[in-house]
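Asks: I would like the atomic coordinates for the input below:
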Amino acid sequence: MTGPGVYYGSFDYTLQSKDNITKNASLLPLEESESSVKPLAVILTEFHILLLFPDRLRVMCALNEQLVDEDVYQPRFGKLLGVCKDRIKGTIWSYTNQSVFKYKVTRESRDVWRMYLDKGEFDLAKEYCKDNRANLDQVLTKQAQFFFENGNFEKSAMYFALTERSFEEIALKFIGSKQTDALKSFLEKKLSSFKSQDKTQMTMLITWLIELYLNQLGELKDTNQDRYNEVHEYFQKFLAQSRVMDCLSNNKTTVYDLIASHGDIEDMVFFAMLMQDYDRVVSHHIQHNDYKSALDVLNKPQDDQLFYKFSPVLMQHIPKALVDAWILMKKKLDPKKLIPSLVQYDHSVQTNQTNEAIRYLEFCIVELVNQEPAIHNYLLSLYAKYQPNQLMNYLSRQGDIAENVPYDLKYALRLCAEHNHKRACVHIYTTMGLYEEAVELALEVDVDLAKLNANKPEDDEELKKKLWLRIARHVVEKENNIKRAMEFLQESELLKIEDILPFFPDFVTIDHFKEAICNSLAEYNQHIETLKQEMEDATESARSIRSDIQEMRNKYGIVGPQQKCSTCSFPLLSRTFYLFPCQHMFHSDCLIAEVLPNLSESKKSKVEELQRRLVTFAMQPATSSANLSGGTTPDVVSRRDLHDQLRNELDDIIAADCVNCGEIMIRSINKPFIEPSEYESAINSWL
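Replies: Presented below is the predicted three-dimensional model:
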């Protein structure tokens, strides 16, 4: 309290000055009528000053020093003594000698924003009205207007974008002032406030902003290069925003037309790259003969369809770089679809392109192991036309088995014949199995090549001999080289002197092949001696076999009454049985039952037929009987022979080997214990 009034503020002990440590201090003067009556007490709240006089309580605003409220006390309440504030609850108490009064502070700051607004303290005003959108809009509008009037258009635009003022009114305000930068700031700020579903509004604002940027760039391009570069950088950053790209994804054509109308090729390419419209970018570079840049764009998305579309053009100008890109793509590209690109050049002059085409096709075949006939056929045609020295290497790598070669044999033969590659034709003839044609053509090239092909038909001795005779005839008739013809007798075991003698002319003396004839006769003598020795060995073997057979017929075994069948375990002597050298014994019916499942269908039928005939034979009565002299008639003899013949045939089938230790047992090792057809029933029996 001072004589003139109330001096209020706050202490700031961080100040450097020692003379004054107050901050935001002000003097609230007393009215002239009050100067004679001094206040009894003073209470400070956040925004108000309460002055207690002998008969009243005055509330003054600390911000504008205006009287807010006045409470006059009646004499009946007694004499006012003082006022105090509860620092915990914030309530204010006044008291007399008779009474106590309570004052409750409610929403003290509700009108504070307006006072700060009137004072031009916009930040504090916004702080105290942030919960009230209408009041905040008034503050923002006045702040924006303040900056506009003071020439700070950029800030004005930012605050106008936050208000609820008419969009058209604000836009016209900046247009009228020719403040393009401020208008762009306003539109960008407004754009950021839209939600993602407001596509239409966003598209309109973005299109307008693009138009503004393009106009500004057009004005600055020839006048202020530094400012042009700065605006151009901002423009590209604007286009690269995800919200902008997402909004323009369905309106690319409009933006293309807009940028093209300003002749801004650089930004059109930049925008196309942002939109991943690589087709348009590549087309642009190709139109301007910038093939390297076009290929760089193709390498970014690595889209196979783009490669198929533009490779024909790029192959004509940058074949090596293009093939390098193809190779990097590996299996992402279908080589068959690139064939149109490989043929899009003048083969007569473009040697480099031809070499690159061959390099890529070789990569497909060697590295990618491509087996497409079209790829192999085209590579073969390039070899035949431009690199004949590589033709035989290629054919050799593919082999000489017709089913395994990937190229078309007929096409390859026609191509090689057209370009007079005889060695290649010989190889193809051999692959096709046409050995006679191969040898015939090889004789035009090299006799050694013909001999090599004459040995290829391994399984046909007759054909191989025919081919060697054709070579020998060629050597005798065409080359008149009798000595070399005679050498064929050593090179081929199929040829004899008598085979090639008819090819020699009549005037040839015997001296030329006297040695060969002598050698041939010696070989014949040796062969005859060998045959004699083989005949003697065969005779001795037959004699030994007959002896073994006779010995087996006389061999016998002893069967006791306790011996049992190896299958049914019943006494063996109860019915007809078989005794094997290994001492296994079986009843005949048990043996047939064991052997029958392991026989082929034809043998099964044969066994059943023999059994049926034996049964029928046993049931027929004898038509002849023994004569008085004790001899037998011819009918009885023939009947017995027939029975023995049937029995021997049956024995040959079922008793050829022991079931338990013979070939049948060995073959049954891989047989499952449970047949597949019986598997389900066997499983169910265990459940």
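Asks: from here on, just use CA atoms for contacts and neighbour counts.
Replies: Noted.
Asks: would you map the strands across this structure?
Replies: 5-11, 22-29, 41-44, 48-52, 56-61, 67-72, 80-85, 92-96, 100-103, 577-579, 585-587 (DSSP state E).
Asks: now those as CSV including mean neighbour count?
Replies: Converted to CSV, the strands of the chain look like this (neighbours: other Cα atoms under 10 Å):
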stretch, mean neighbour count
strand 5-11, 14
strand 22-29, 14
strand 41-44, 16
strand 48-52, 21
strand 56-61, 18
strand 67-72, 12
strand 80-85, 18
strand 92-96, 17
strand 100-103, 12
strand 577-579, 17
strand 585-587, 25
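Asks: will you turn these into a markdown table that also has distance to Gly263?
Replies: What follows is those, written out as a markdown table (distance: least, Cα to Cα, whole Å):
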| stretch | distance to Gly263 |
| --- | --- |
| strand 5-11 | 64 |
| strand 22-29 | 60 |
| strand 41-44 | 69 |
| strand 48-52 | 65 |
| strand 56-61 | 64 |
| strand 67-72 | 66 |
| strand 80-85 | 75 |
| strand 92-96 | 75 |
| strand 100-103 | 74 |
| strand 577-579 | 110 |
| strand 585-587 | 108 |
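Asks: how about the ones you listed, which one is nearest Thr223?
Replies: strand 22-29 (50.5 Å; Cα to Cα).
Asks: mind checking the pLDDT average for that closest one?
Replies: When pLDDT is averaged over strand 22-29, the result is 63.
Asks: what does stretch 390-398 give?
Replies: 90.
Asks: what about Pro581, neighbour count?
Replies: For Pro581, the neighbour count with other Cα atoms under 10 Å is 12.
Asks: what pLDDT does it get?
Replies: Reported pLDDT for Pro581: 81.
Asks: against Asn648, how distant is it?
Replies: Distance, Pro581 to Asn648, using Cα to Cα, to the nearest Å: 18 Å.
Asks: residue ranges with poor pLDDT in this structure?
Replies: 1-36, 46, 62-66, 107-111, 344-350, 476-522, 524, 552-553, 621-637 (pLDDT under 70).
Asks: picking that back up, nearest to Ala260, out of the strands of the chain?
Replies: strand 22-29 (60.0 Å).
Asks: looking at the strands of the chain, which is closest to Thr567?
Replies: Among the strands of the chain, strand 585-587 comes nearest to Thr567, with 6.6 Å by Cα to Cα.
Asks: from the contact counts, what lies against the closest one?
Replies: Strand 585-587 sits against strand 577-579, with contacts defined as 3 or more Cα pairs under 8 Å, 6 or more residues apart in numbering; DSSP states H and E.
Asks: paired strands for the strand it packs on, with orientation please.
Replies: strand 585-587 (antiparallel) (DSSP bridges).
Asks: chain center to the strand it pairs with, what's the gap?
Replies: Between the centre of strand 585-587 and the centre of its chain there are 68 Å (Cα atoms, centre = their mean, to the nearest Å).
Asks: how about stretch 112-124?
Replies: On Cα atoms, centre = their mean, the centre of stretch 112-124 falls 65 Å from the chain's centre.
Asks: hmm, who's touching it?
Replies: Defining contact as Cα atoms under 8 Å, 6 or more residues apart in numbering, one finds that stretch 112-124 is touched by 63-64, 125-129, 139-140, 143.
Asks: whichever of these end up buried, select them in ChimeraX.
Replies: Only the buried entries of those go into this ChimeraX selection, using 16 or more other Cα atoms under 10 Å:
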select :125,126,128,129,139,140,143
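Asks: the contacts of stretch 112-124 into JSON lines, with extra columns for distance to Leu50?
Replies: Output for these, formatted as JSON lines (distance: Cα to Cα, whole Å):
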{"residue": "Leu63", "distance to Leu50": "13"}
{"residue": "Asn64", "distance to Leu50": "14"}
{"residue": "Ala125", "distance to Leu50": "23"}
{"residue": "Lys126", "distance to Leu50": "26"}
{"residue": "Glu127", "distance to Leu50": "25"}
{"residue": "Tyr128", "distance to Leu50": "22"}
{"residue": "Cys129", "distance to Leu50": "24"}
{"residue": "Val139", "distance to Leu50": "29"}
{"residue": "Leu140", "distance to Leu50": "32"}
{"residue": "Gln143", "distance to Leu50": "32"}
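Asks: narrow the contacts of stretch 112-124 to those in helices?
Replies: Judged by DSSP state H, helices contain the following of the contacts of stretch 112-124: 125-127, 139-140, 143.
Asks: show me the two of these that sit farthest apart.
Replies: So, those by Cα to Cα: farthest apart are Glu127 and Gln143, at 13.5 Å.
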